[in-house]
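> using only what follows, build the 3D model:
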Amino acid sequence: MFSIFYQYESFKCSILMPASVTPITVRKWQTLLAFIILVCLTLTACSHSSSDKDITRFDESSPENLVKTENSHSDRINSDNINIVSPDWGNAATLTAMGHAPIATGDIRVWDRWVGRPRLPAATTDIGIRYQPNAELVAQLPVDMIVDNAFYEHARSLYGDVPAQSVMFAAKGKAATWADYTEPTRALGVLINNPKMAEDYIVQSQKDIQLARQQFQQRYSKVKKIAVVQFADANNMRMYVDNSLFKVALEQMGKELVVLGEGNQWGFVPIRMGDLARLDNETCLLIIDPLSPITRAEINDSLVWQRLGYGERRCMAELPPVWIYGGMSSLVSLANNLSTVSLTGGAI
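Next comes the predicted model:
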């Protein structure tokens with residue numbers, strides 16, 4: 001036996017042949033050899049193709065790029081351009097007012113009806129129902145961080161390995177304080193790697209509220225006490241109490257929030273229309289929109305409402321929407337709404 005050795009670049013083939021062969025046998029071996037060489041060339045090409053792919057993978061998986069891939073969210077979070085998604089309207093509104101709007105939030109179709117100001121940028125993506133975001137849509141977003149709170153934590157699995165942070169605007173005690181709104185705002189500034197933006201926004205917000213206070217005082221200096229409600233239907237409503245944002249906003253405006261009981265964790269106590277009779281005649285009633293046309297008509301037709309005398313013997317007004325569970329932006333929106341409100345009835 002003797003060996004024919006074939007080598008093509010990095011691929012090698014060896015063929016063993018008998019020591020003595022006939023012409024017919026030679027032709028057979030030549031045919032076989034040609035076939036084997038063809039196979040060798042094919043395998044060589046595949047080897048090179050595979051090698052090229054390996055090189056590409058190696059380049060993409062170099063230590064530097066591995067760090068970038070594994071820490072891509074961290075790298076973005078340490079930059080000045082972090083893509084935030086927040087299903088929570090309080091965080092979404094405050095981030096927008098600060099100047100770092102989230103790339104997506106939920107229920108945008110009814111934002112104007114319940115939140116009002118600030119306006120969301122046109123490019124903001126609607127991820128569907130806030131409590132149950134659209135998983136397919138979420139997967140397509142270039143998101144670097146989720147900002148939510150305990151109410152939305154059940155949906156975090158939809159965002160894969162994207163880091164999530166909880167920021168909650170709520171009273172820590174029985175009465176809400178200014179700090180309950182400034183501290184979460186500062187927390188948002190830290191999360192977007194721009195504490196100064198948050199601090200500047202807090203300072204500007206306080207200036208805006210003080211300006212609104214002066215304007216309201218000039219127009220309605222006799223109004224000292226205010227009660228705030230939102231109708232569920234013509235006979236049932238929520239009265240917002242001391243652990244709501246209305247306590248903080250009205251204190252900043254130099255007014256007293258009048259309540260009929262201690263609120264729940266959401267900052268309100270449920271009451272019926274007849275309970276409003278317990279308020280004195282000096283208390284001005286603010287009704288927070290939205291209020292459907294049907295409910296409005298039913299209220300006006302109510303004999304109880306007519307006996308209460310709001311809009312005639314008693315002071316009242318209807319205010320544009322403000323997100324009840326919002327942050328600093330809700331305080332500013334409420335103050336601005338009060339500065340331009342038209343009160344009717346009572347001694348105003």
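> contact partners for the nearest residue in space to Gln206 that is not next to it in sequence?
Using Cβ to Cβ, 6 or more residues apart in numbering and skipping residues adjacent in sequence, the residue nearest Gln206 is Gln252, 7.6 Å away. Where C-beta positions appear, they are placed from N, C-alpha and C, glycine not excepted. The contact partners of Gln252, by Cβ atoms under 8 Å, 6 or more residues apart in numbering, come to 178, 206, 209-210, 213, 331, 335.
> try Leu279
Per Cβ under 8 Å, 6+ apart, neighbours of Leu279: 227, 258, 260, 285, 314.
> among those, which ones are in helices?
Assigned to helices by DSSP state H, none of those qualify.
> show me which of these are buried.
Buried subset of the contacts of Leu279 (neighbour count, 16 or more other Cβ atoms under 10 Å): 227, 258, 285, 314.
> dump those residues to TSV, plus distance to Phe169 and pLDDT.
Converted to TSV, these look like this (distance: Cβ to Cβ, whole Å; pLDDT from 0 to 100):
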residue	distance to Phe169	pLDDT
Ala227	22	98
Val258	23	97
Leu285	25	98
Arg314	31	96
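> just curious, which of these is nearest to Asp275?
Ala227 (10.4 Å; Cβ to Cβ).
> so that closest one versus Met273, what's the distance?
13 Å (Cβ to Cβ, to the nearest Å).
> then Ala164?
42 Å.
> who has more neighbours, those two?
Met273 (19 against 15; other Cβ atoms under 10 Å).
> that one reaches Met239, doesn't it?
No. Met273 is beyond contact range of Met239, at 11.1 Å (criterion: Cβ atoms under 8 Å).
> contacting residues for the residue nearest to Leu141 when sequence neighbours are not counted?
Of all residues not flanking Leu141 in the chain, Ala104 sits nearest, at 5.8 Å (Cβ to Cβ, 6+ apart). Shown in contact with Ala104 (Cβ under 8 Å, 6+ apart): 85-86, 124-127, 138, 141, 143.
> now do Pro320
So Pro320 contacts 116, 289, 337 (Cβ under 8 Å, 6+ apart).
> give me the contacts around stretch 262-273.
Counting by Cβ under 8 Å, 6+ apart, 170-171, 174, 176, 229-230, 234-246, 259-261, 299, 302, 304-305, 308, 324-325 sit against stretch 262-273.
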